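after the sequence you'll find the predicted model.
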Amino acid sequence: MKARRAFFGAAAFALVTVLGIMPSAAYAAASAGGIYGVAVPNAVNSFYATCIAGVEEGVKEVDPTAKVVVTDASGDSSKQLDQIADLIQQGCKALVLIPIDSNAISAAVKEANQAGVPVFVMDTPASSPDGIVSTIVADNYSAGEIAGRALLEKLGGKGKIATITTTGSEAVNQRKQALYDLIKNEFPGVEIVMEEIVQNMTTEEALTIMENICQSVPDIAGVFTTGDVFAIGICAALKANGYEAGKVVVTSIDGTNNALDLIKSGYLYATAAQPAKNLGVFSAKNAFDYLNGKKIEPSIALPCQKITAETMEGYVGF
């Protein structure tokens, strides 16, 4: 795992270095105009909306005459596949997407390849890299390590904790594995007494789960969750059950504006902020470079950032 993360880290640094300082004029040789297609699970979700904004910014920087067409599948994988087919029919020159179903997306990737449309994935990897030019994600193991270490250190290396997470995706699995590794290797005095799954991925479900934990484990010392949307419900449940701010240490992952508000309230200790906008910006620039014959790294993991009350100044959420 460490070797893999070291490789990703080096690649990410190289990409950031190149893309961060390269002026727009350097892309002047590219063919102008055309459509960049963007397919996301839910365009209303603040994280996905920020990814979209990043793609739009990246495209505007390298080709102001190009058009970005965004599709919103509202969480429906079948709908997303149909929307991608439509983007291909529109003649998009490149496709940037966040899969809803990492397995099902392979059919859309194949269709795009057959039509000569290069595919660039961001945030959520496809199950198979076949036919995908490049995948750019947040370093999810690092995100879990940041949130996990913040929690375990704040607890002083002892106490009972619960995890409240989603299931099934490689991103979530890596975040949880980072926590497990920290407990095993550095914080053996911390015990995970409950591992709960948010099946429907809603704030309300996380709230109900946390209320049950409050009743069954009243001396719970901390909670690790893999998304700020769940932290909202967790913190609301703690408050409703009479826990003072900070009595139970809660850490999360994402870096949303909601998380910043929770940190200010004292109920959320820390969040590991994902580089949502840069996922989009770098994906757009990768697409542009690829279309102009440049070699592209097939896998890039961008670093995350620890946000607490002490470090949040200057950080812009989403």
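Okay, I see it.

tell me the domain boundaries of this structure?
2-139+275-303, 141-273 (automatic domain parsing).

can you say which of the ones you listed is packed in most?
Mean neighbour count (mean count of other Cβ atoms under 10 Å) peaks for domain 141-273 among the domains of the chain, with a mean of 20. Backbone N, C-alpha and C define where each C-beta goes, glycine included.

between the two ends of that one, how far is it?
Distance between the two ends of domain 141-273: 13 Å, counting by Cα to Cα, to the nearest Å.

roughly how far out does that domain sit from the chain middle?
16 Å (Cα atoms, centre = their mean, to the nearest Å).

could you pull out the strands for the protein?
Per DSSP state E, the chain carries strands over the ranges 35-40, 67-72, 94-97, 119-122, 132-138, 159-165, 190-197, 222-225, 249-254, 270-273, 299-302, 305-307.

and the ones you listed: which comes nearest Leu87?
Between Leu87 and the strands of the chain, the shortest gap by Cβ to Cβ is with strand 35-40, which sits at 3.5 Å.

one step back: any chance of a markdown table for the strands of the chain, columns distance to Gly242 and mean pLDDT?
Converted to a markdown table, these look like this (distance: least, Cβ to Cβ, whole Å; pLDDT from 0 to 100):
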| stretch | distance to Gly242 | mean pLDDT |
| --- | --- | --- |
| strand 35-40 | 39 | 97 |
| strand 67-72 | 40 | 97 |
| strand 94-97 | 45 | 98 |
| strand 119-122 | 42 | 97 |
| strand 132-138 | 35 | 96 |
| strand 159-165 | 17 | 97 |
| strand 190-197 | 19 | 97 |
| strand 222-225 | 16 | 98 |
| strand 249-254 | 16 | 97 |
| strand 270-273 | 23 | 98 |
| strand 299-302 | 40 | 95 |
| strand 305-307 | 27 | 97 |
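
include distance to Gly280 when you put those strands into JSON lines, please.
Listed next are the strands of the chain as JSON lines, based on distance: least, Cβ to Cβ, whole Å:
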{"stretch": "strand 35-40", "distance to Gly280": "8"}
{"stretch": "strand 67-72", "distance to Gly280": "10"}
{"stretch": "strand 94-97", "distance to Gly280": "8"}
{"stretch": "strand 119-122", "distance to Gly280": "7"}
{"stretch": "strand 132-138", "distance to Gly280": "9"}
{"stretch": "strand 159-165", "distance to Gly280": "25"}
{"stretch": "strand 190-197", "distance to Gly280": "29"}
{"stretch": "strand 222-225", "distance to Gly280": "24"}
{"stretch": "strand 249-254", "distance to Gly280": "15"}
{"stretch": "strand 270-273", "distance to Gly280": "15"}
{"stretch": "strand 299-302", "distance to Gly280": "11"}
{"stretch": "strand 305-307", "distance to Gly280": "17"}
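
before we move on, back to that, for the domains of the chain, which has the smallest mean pLDDT value?
Of all the domains of the chain, domain 2-139+275-303 carries the lowest average pLDDT, namely a mean of 85.

is Lys158 in contact with Val190, as I believe?
Yes: contact criterion Cβ atoms under 8 Å: Lys158 and Val190 qualify, at 6.3 Å.

shared neighbours, the two?
Common neighbours of Lys158 and Val190, counting by Cβ atoms under 8 Å, 6 or more residues apart in numbering, are absent.

quick check: phi and psi on the closest residue to Pro303 other than its chain neighbours?
Spatial nearest neighbour of Pro303, chain neighbours left out: Asp139 (5.7 Å); criterion: Cβ to Cβ, 6 or more residues apart in numbering. As for Asp139, its main-chain torsions (degrees, to the nearest 10) stand at phi -70, psi 90.

measure Asp139 to Phe47 for me?
Look at Asp139 and Phe47: by Cβ to Cβ, to the nearest Å, they are 16 Å apart.

do the same with Ile253
Applying Cβ to Cβ, the value for Ile253 to Phe47 is 11 Å.

can you list residues touching both of these two?
Here Ile253 and Phe47 have Gln274 as joint contacts, going by Cβ under 8 Å, 6+ apart.

please name the spatially closest residue to Glu211 (chain neighbours excluded).
Nearest to Glu211 is Ala237, by Cβ to Cβ, 6+ apart, at 4.6 Å.

for that neighbour, give me its contacts.
Ala206, Leu207, Thr208, Met210, Glu211, Ile213, Cys214.

if we use 6 Å, what do you get?
Leu207, Met210, Glu211 (Cβ atoms under 6 Å, 6 or more residues apart in numbering).

spatially nearest residue to Cys51, not counting backbone neighbours?
Gly280 (4.4 Å).

was I right about that neighbour contacting Gly54?
Yes: using Cβ atoms under 6 Å, Gly280 is in contact with Gly54, at 2.3 Å.
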